[in-house]
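Student: sharing a model that was predicted from the sequence below.
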Amino acid sequence: MIIEEITMTEFAEGLNRTRTVLIPFGATEEHGEHLPLSTDTLHAAEVGRKLAEKRAIFIAPAVPYGVCRSSSAHPGTISISTETLKSLAMDIVASLYRQGMRQFVLLTGHAGGTHTSALIDAGECLLERFADIRIAVLTEYMLASTEGRAIIETAGDSHAGEIETSRILHSHPHLVKGSGKREFPTFPSGILVRNKRNFWPGGVWGDPTLASAEKGARLETLVVEALDRLVTQLEEIEGY
């Protein structure tokens, strides 16, 4: 059940089938010269839609902004603060809780460490605030890289590389502009830098030249299957 596409009557009826909701979090962030700024949001929203075809679950509207530090100097990146992201996540969950939801999956297509930590922090606060909720926080990339390890050829592939380019070639091929170039950032270990583009000029972390729509289709299927198993575990887990 895609929340933004159903009526209030259908929402109320849906609560008789499930009290579980997936909230896709994304980002508006550079993804090299070949992928759209909405790549992370598209990943999370797309697998949410595919999951809703497999089981009874609500899919909330995607949040298209995230904490983007490493890419903050690249054209097109719009970053919000960790405080804003945490507050937004908590407000969305609290509102859905008042509507009757009890299981929450915060799925982020943006896998930045600071961004993900803010969502985890929000989740921990929500566990203390509401005694009867269950909550999961995970990155879409974590599922894709783990489940698809036999498919991915690039060691350490991450941002706008083989994985993400394959995914967009499959789900939104009309948004891919060229093939991109292999690149890995050269950030100095442990040192914070102001002009991050000096150490990551092209905004790619991996090898998009090895991407294909066929790989993207296989990765998407694996991600949806893994997500399906996780939701089942979340709904059935004991000793929570």
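Tutor: Cool, the structure landed.

Student: give me the most central residue, this protein.
Tutor: Gly109 (1.7 Å; C-alpha atoms, centre = their mean).

Student: so who does it touch?
Tutor: 24-27, 39-45, 139-141 (C-beta atoms under 8 Å, 6 or more residues apart in numbering). All C-beta spots, glycine's among them, are computed from the backbone N, C-alpha and C.

Student: the same query, at a cut-off of 10 Å, please.
Tutor: By C-beta atoms under 10 Å, 6 or more residues apart in numbering, the contact list for Gly109 reads 24-27, 29, 38-48, 62-64, 66, 139-141, 144, 164, 167.

Student: the helix or strand of the chain with the lowest mean pLDDT: what's the following helix or strand?
Tutor: Every helix and strand of the chain was ranked by mean pLDDT, DSSP states H and E. The lowest is helix 140-147, at a mean of 91. Once the chain leaves helix 140-147, the next helix or strand it forms, by DSSP states H and E, is helix 162-171.

Student: so what does whichever helix or strand comes after that following helix touch, helix or strand wise?
Tutor: Following helix 162-171 in sequence order, the next helix or strand is helix 213-236 (DSSP H and E). When contacts are defined as 3 or more C-beta pairs under 10 Å, 6 or more residues apart in numbering; DSSP states H and E, helix 213-236 packs onto strand 20-25, helix 39-52, strand 103-108, strand 134-139, helix 140-147, helix 162-171.

Student: can you lay out these as CSV showing distance to Leu222 and mean neighbour count?
Tutor: Formatted as CSV, those follow (distance: least, C-beta to C-beta, whole Å; neighbours: other C-beta atoms under 10 Å):
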stretch, distance to Leu222, mean neighbour count
strand 20-25, 17, 25
helix 39-52, 10, 24
strand 103-108, 15, 26
strand 134-139, 14, 20
helix 140-147, 4, 20
helix 162-171, 11, 26
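
Student: those: lowest mean pLDDT?
Tutor: The weakest mean pLDDT among the helices and strands packed on helix 213-236 belongs to helix 140-147, with a mean of 91.

Student: so what does it touch, helix or strand wise?
Tutor: Using 3+ C-beta pairs under 10 Å, 6+ apart, helix 140-147 is in contact with helix 39-52, strand 103-108, helix 162-171, helix 213-236.

Student: the ones you listed: which one's closest to Arg129?
Tutor: Closest to Arg129 of the helices and strands packed on helix 140-147, according to C-beta to C-beta: strand 103-108, at 12.1 Å.

Student: how distant is the closest one from the center of its chain?
Tutor: 10 Å (C-alpha atoms, centre = their mean, to the nearest Å).

Student: after that strand, next one along is what?
Tutor: helix 113-129.

Student: could you export that next one as CSV, CA atoms only?
Tutor: C-alpha atoms of helix 113-129 as CSV (Å, rounded to 0.1, in the frame of the first residue of the first chain):
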residue,chain,number,x,y,z
GLY,A,113,27.9,7.1,7.9
THR,A,114,26.8,10.3,9.6
HIS,A,115,23.4,10.1,7.9
THR,A,116,22.8,6.5,8.9
SER,A,117,24.0,7.2,12.5
ALA,A,118,21.4,10.0,12.7
LEU,A,119,18.6,7.6,11.7
ILE,A,120,19.9,5.0,14.2
ASP,A,121,19.9,7.6,16.9
ALA,A,122,16.4,8.6,16.1
GLY,A,123,15.4,4.9,16.2
GLU,A,124,16.9,4.4,19.7
CYS,A,125,15.1,7.5,21.0
LEU,A,126,11.8,6.2,19.5
LEU,A,127,12.2,2.9,21.3
GLU,A,128,12.4,4.8,24.6
ARG,A,129,9.5,7.0,23.7
